[in-house]
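**Student:** kindly generate the corresponding structure for this input.
(chains A and B)
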Number of protein chains: 2
Amino acid sequence: MLERFKPRAEDQVVVKEKPLRTTVKAIFERLNCPPEDAEVAADALLSSDLRGVESHGVSNMLREYVRGYMDGQINPRPQIKVLRETPSTATIDADRGVGVITGPRCMQIAIQKAEQVGMGVVTAQNGGHLGMLAYHAMLALPHDMIGVCMGSATYGASVLPTWAREPRMGTNPIAIAVPAGKEAPFVFDVATSAVAGNKITLAKRVGALMEPGWVSDEQGNPIMEEAMLPQKYFGLPLGGTRELGSHKGYGLSVMVGIMSSVLSGAGLYPKTPRPPGHGAGYYNHYFAAYKIDAFTPVDQFKEQMDDYLRTLRTTPPAPGHERVFYAGLPEAEDERERRAHGIALHKEVIQWFRDICGELSIPFILV
Amino acid sequence: MLERFKPRAEDQVVVKEKPLRTTVKAIFERLNCPPEDAEVAADALLSSDLRGVESHGVSNMLREYVRGYMDGQINPRPQIKVLRETPSTATIDADRGVGVITGPRCMQIAIQKAEQVGMGVVTAQNGGHLGMLAYHAMLALPHDMIGVCMGSATYGASVLPTWAREPRMGTNPIAIAVPAGKEAPFVFDVATSAVAGNKITLAKRVGALMEPGWVSDEQGNPIMEEAMLPQKYFGLPLGGTRELGSHKGYGLSVMVGIMSSVLSGAGLYPKTPRPPGHGAGYYNHYFAAYKIDAFTPVDQFKEQMDDYLRTLRTTPPAPGHERVFYAGLPEAEDERERRAHGIALHKEVIQWFRDICGELSIPFILV
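**Tutor:** Now for the predicted structure:
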C-alpha cells in the first residue's frame, strides 16, 4: 500500500485471526448461507486481510456482501448450473451467488479437468463479486497447478479507452498464481486500470493527492501532474497516456472483459437495459488451471521457479529503494506476520462488527 | 506508429505484395528451408508488413533471420519433437527452428487439441524468434477459436523489475486474437515493457526524444521527462514507475516468462552459462487455442463481440483526438490499404533486397 494511504496507528485495533474467522463465518450463516459456503467465504475474506490486501477483506467487502444479502440481491443458496461442457472446459451459471462462494466451486471444476486432461478452463456468468482474485487462482497451488482468474461486469464502466472521453471498461482485474519450491509462490493480482477503484475512493476519503496518470478530467484528458481528485473524473487504463503505453492497459482490459463476460455468454454492454440492483448477477468470471506435470516435471519446474524468483528478489535495488520484490512476496511476508500477531482493523470497522453482531445476534468476540 | 518515428516519404519505395512474397519465399528456400516452410515464413513476415507492423516484417527481422541461417544459428530443417503430451496440452522441442516456422506448427497442435477437447495449450523450448506474435494467435481465427501467444528468452535481459538497478526480463510480449462477426477481430499484441525494444533502437537511429517512463538511467532511476537516450540505459516495465503502475507491467512480464520459458521446461536464468550465439535456441513460446463453441454458441459470441467492438470504436474521443480505436482495428485498416496499394519500404531496405538477391542468385523483381 502506498505510504500516504496507510491508516494512522492510533486508529487501528489488532484482532486475532481465529475470532475474526469465527465471526465472519457466523455472519454468512446468519444470512442463510450453508455452513460449508460460509466457511469458504470467510476463508476468502480472511485470506485477503492476512495477505495485506485490506481493500478486499472484511473492512470493505464484507459489509457490501451483507448489504447484498439483506436487500435480496445476492442469492445465499446458489445452485450453480453447467451450461456447456467439454473435457477441458465448462461454462457455468453462477445463479447470483457471491463470487467468494461460487468462485471456488468453479475453480475446483477447472482443477478437476486439468487433473484429467491437462488443462481446465471455466467461465461463469450471472455471478457476484469475487473478492481478492488471487484467492481463487491460489486454490490451484496445492495441486501443483498454475491458477488464473479474471473478472468483469456486464454493465457499468469507469475506465476510459485510450483517447476516449467516455468510459467503456471496468477495472477488469486479472490474477495468476504459480507454485514454487522454497520461495513464496508468484501471485500476481492487479486491476488492468492504472489504479484500483478502491484506491481512488481511499484518496477521496483521506484527501490525498492523486498520482499523475491515474485519472482523467471529465473530458477524458489524462491528468498528468499530482493533483486533488476533480469533482468529475474517469479512470485511466494502465499506462495512463498513449505515449506511456495506455493502449496496452486498454487492450489488457478488453481482453479480460472478453475472456470473462463474452466467453461466458453474458456479453458486454448488451442491447438489453441494465436491470435494477447493485451488481449480483452482472459479474462474469474466468478460471483456469494448468497441470504442471502435463508440461514438464513438477520438481524441475519448482526448482526453475525458485531460481528465477530468487534472482528477482536479490536484484540490486535502484537508489532510494531497499529491496526488489516480486508479486506475491510482500503478501507472503504480511501473511506470516499477521498469522502470528493478528490483523489490524480500523476502529470504525470494529464498530461495524459490533453493530452487525448485535443485529444478527452473534456474540461479539473480536476484542 | 508514433508520428516522430515515421520515415520520410522521399525515403520510401512502394512495393506490391505479390513480388515481395515471392522474393521472401525464395530467400528462405535458398537458405535450405523446405518450400512449405518458406511459404509460412514469408506469410508471417508479409503479414506484419501488411498490418503496418514494420518492426517485425521484412525490414528488420528478415535480415536477422538470414544472418542466423548463414552463420548456422538457425536450423533450416527443424524436426519439432513432442516432449510431453496430454489431451489438451503439449510441450515441444522446437529444434532451433525460427519461430515464424515452428510457431505455426505448434499453434496447429493447439488448435487440433482445442477441436478435440475444448482447449489446447502448447509450450515450446529451444526455439527462435517468433516475428509478430499476433500472426500465430490469429491462426486460431478461421477455426472460430481465440488464439494466444507469448514468448520469452532463457538468457539475456533488458528490462528492470520495479525498483531494480539491473535488468531481469526481456520485452516478453503477449498476443491474443479474438474473432468477431462484421467487425475487424480484436488482435492485441504488445511487449510487456513500457516500449518495444525496436522503438528505442529507432529513436536512437533518428535521434528522437524518448517519452517519459520508457527507460531508466544506468542506476535504474526511471527517466520521467522527455529526453535523449542516455549512453547507458535499461528498459522499464509497462507503467514506468511504481506510482504509475510499473509493478503491474513487471508482474505481467514475469508471467509471460513463466508461461513460456518455465512451463516449457527451458527455465529462466539457469545456472548453466549462456552458450555462444545470437539467439536461436534460447527463445521459448506459449500458444493457446480456445474453441468458442466449447463455451458458448459461436453466433452469439460473434454478435456480442461485434456489439462491444462497435461500442468501443464509436466512443466519443477526448479533445485533440479524432477517433477511438481498439486493438487490431488500425492494423486491419492498414492491411486493406496495403493489399490494394502495396507496402512502403525504406529505400535502404530495397537496396538490401537487391544485394541479397544478388548474393543468393534470386531474380530481383521488387521494383
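
**Student:** what does the stretch 101-250 of chain A have sitting close to chain B?
**Tutor:** Taking Cβ under 8 Å from any Cβ of the partner chain as the criterion, the stretch 101-250 of chain A approaches chain B at residues A:117-121, A:123, A:146, A:160-166, A:168, A:176, A:178, A:186, A:188, A:190, A:192, A:194-195, A:211-213, A:216, A:219-221, A:238-240, A:243-245, A:247-250. Heads up, the C-betas are built off the backbone N, CA and C, glycines and all.

**Student:** among these, which ones are buried?
**Tutor:** For these, burial is judged from neighbour counts taken by 16 or more other Cβ atoms under 10 Å in any protein chain shown, and it is met by A:117-121, A:123, A:146, A:160-165, A:168, A:176, A:178, A:186, A:188, A:190, A:192, A:194-195, A:211-213, A:216, A:220, A:238-240, A:243-245, A:247-250.

**Student:** restricted to helices, list those residues.
**Tutor:** A:117, A:247-250 (DSSP state H).

**Student:** burial count for residue A:262?
**Tutor:** Here the number of neighbours of residue A:262 (other Cβ atoms under 10 Å in any protein chain shown) works out to 32.

**Student:** ditto for the one 4 residues further on
**Tutor:** Look at residue A:266: counted by other Cβ under 10 Å, it has 27 neighbours.

**Student:** for the nearest residue to it once chain neighbours are set aside, which three-state class applies?
**Tutor:** The shortest distance from residue A:266 to any residue other than its chain neighbours is 3.9 Å, reached at residue A:125 (Cβ to Cβ, 6 or more residues apart in numbering or on different chains). Residue A:125 carries the three-state label strand when classified by DSSP: H, G, I helix; E, B strand; the rest coil.

**Student:** gap between residue A:125 and residue B:351?
**Tutor:** In this structure, residue A:125 and residue B:351 are separated by 56 Å, where distance is defined by Cβ to Cβ, to the nearest Å.

**Student:** with neighbour numbers in mind, choose between the two.
**Tutor:** In this view residue A:125 and residue B:351 are compared by other Cβ under 10 Å, and residue A:125 has more residues nearby, 24 against 12.

**Student:** surely that one meets residue A:93?
**Tutor:** Yes: in this structure, residue A:125 is within contact of residue A:93 by Cβ atoms under 8 Å, at 6.1 Å.

**Student:** can you pull out the helices in the stretch 201-350 of chain A?
**Tutor:** Across the stretch 201-350 of chain A, reading from the start of the chain, the helices by DSSP state H, counting those that start in this stretch fall at A:246-257, A:298-313, A:329-341, A:347-359.

**Student:** list the buried residues of the longest one.
**Tutor:** Going back to what we said before, that points to helix A:298-313. By neighbour count, with 16+ other Cβ under 10 Å as the criterion, the buried positions of helix A:298-313 are A:301-305, A:307-309, A:311-312.

**Student:** avg pLDDT for it?
**Tutor:** The predicted model gives helix A:298-313 an average pLDDT of 97.

**Student:** packing partners for that helix?
**Tutor:** Here helix A:298-313 is seen to pack against helix B:246-257 when contacts are counted using 3 or more Cβ pairs under 8 Å, 6 or more residues apart in numbering or on different chains; DSSP states H and E.

**Student:** any part of the helix it packs on near chain A?
**Tutor:** Yes: legend: contact between helix B:246-257 and chain A by Cβ under 8 Å from any Cβ is shown at B:247-252, B:254-255, B:257.

**Student:** ok, back up a step: kindly provide the distance from the residue nearest to residue A:266 to residue B:48.
**Tutor:** Counting by Cβ to Cβ, the gap from residue A:125 to residue B:48 is 36 Å.

**Student:** what's the answer for residue A:140, then?
**Tutor:** Here the criterion is Cβ to Cβ. By it, residue A:140 lies 36 Å from residue B:48.

**Student:** neighbour-wise, which of those two wins?
**Tutor:** Here residue A:140 and residue B:48 are set side by side on neighbour count (other Cβ under 10 Å), and the busier one is residue A:140, at 30 against 27.

**Student:** for the residue nearest to the more buried one when sequence neighbours are not counted, grab the count of nearby residues.
**Tutor:** Computed as Cβ to Cβ, 6+ apart, the closest residue to residue A:140 that is not its neighbour in sequence is residue A:147, at 3.0 Å. Neighbour count of residue A:147, defined by other Cβ under 10 Å: 30.

**Student:** what residues does the helix or strand of chain A with the lowest mean pLDDT touch?
**Tutor:** Averaged element by element with mean pLDDT, DSSP states H and E, chain A has its least confident helix or strand at helix A:197-206 (a mean of 77). Residues from elsewhere that reach helix A:197-206 (Cβ atoms under 8 Å, 6 or more residues apart in numbering or on different chains): A:2, A:4-5, A:55, A:60, A:158, A:171, A:191, A:208-210, A:214-215, A:229, A:233, A:235.

**Student:** try stretch A:289-301
**Tutor:** The set of residues external to stretch A:289-301 that reach it, using Cβ under 8 Å, 6+ apart, is A:107, A:110-111, A:113-115, A:118-120, A:140, A:143-148, A:179, A:181, B:83-84, B:86, B:88-89, B:91, B:121, B:123, B:262-265.

**Student:** again with stretch A:345-356
**Tutor:** Taking contacts as Cβ under 8 Å, 6+ apart, the residues outside stretch A:345-356 that touch it are A:7, A:11-15, A:23, A:27, A:49, A:58-59, A:63, A:66, A:362, A:364, A:366-367.

**Student:** how about residue A:328, what does it touch?
**Tutor:** For residue A:328, the set of contacting residues under the criterion of Cβ under 8 Å, 6+ apart consists of A:134, A:177, A:184-188.

**Student:** let's see 7 Å
**Tutor:** Contacts of residue A:328 were listed using Cβ atoms under 7 Å, 6 or more residues apart in numbering or on different chains, and they are A:184-188.

**Student:** now render those residues as CSV, adding pLDDT.
**Tutor:** Shown next, in CSV, are the contacts of residue A:328 (pLDDT from 0 to 100):
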residue, pLDDT
A:184, 98
A:185, 98
A:186, 98
A:187, 98
A:188, 98
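
**Student:** among these, which one lies nearest to chain B?
**Tutor:** Proximity of the contacts of residue A:328 to chain B was ranked by Cβ to the nearest Cβ; the top entry is residue A:188 with 3.9 Å.

**Student:** measure that closest one to residue B:338 for me?
**Tutor:** For residue A:188, the distance to residue B:338 (Cβ to Cβ) stands at 38 Å.

**Student:** cool, and residue A:74?
**Tutor:** Going from residue A:74 to residue B:338 by Cβ to Cβ gives 52 Å.

**Student:** next one: residue A:276
**Tutor:** The spacing between residue A:276 and residue B:338, counted by Cβ to Cβ, is 49 Å.

**Student:** these two: which has the busier surroundings?
**Tutor:** A count of neighbours by other Cβ under 10 Å puts residue B:338 above the other of residue A:276 and residue B:338, at 20 against 6.

**Student:** let me see the contact set for that one.
**Tutor:** Listed by Cβ under 7 Å, 6+ apart, the contact partners of residue B:338 are residue B:50.

**Student:** got the contact list for residue A:343?
**Tutor:** Residue A:343 makes contact with A:14-15, A:17, A:20, A:49-50 under the criterion Cβ under 7 Å, 6+ apart.

**Student:** ranges for the strands of chain A?
**Tutor:** Remark: strands of chain A, listed N- to C-terminal, are A:12-15, A:81-86, A:89-93, A:119-127, A:145-153, A:173-178, A:186-191, A:215-216, A:234-235, A:283-291, A:343-346; assignment by DSSP state E.

**Student:** just the mean pLDDT for the last one, thanks.
**Tutor:** By that I understand strand A:343-346. Strand A:343-346 shows an average pLDDT of 94 in the prediction.

**Student:** strands paired with it, and their directions?
**Tutor:** strand A:12-15 (antiparallel) (DSSP bridges).

**Student:** can you give me the buried ones in the strand it pairs with?
**Tutor:** Applying a neighbour-count criterion of 16+ other Cβ under 10 Å, one finds A:12-13, A:15 buried in strand A:12-15.

**Student:** hmm, back to that, could you check the angle the least confident helix or strand of chain A makes with strand A:186-191?
**Tutor:** Inter-element angle recorded for helix A:197-206 and strand A:186-191: 60 degrees (by axes from the mean of the first three to the mean of the last three Cα atoms, to 10 degrees).

**Student:** I am finished for the moment; much appreciated.
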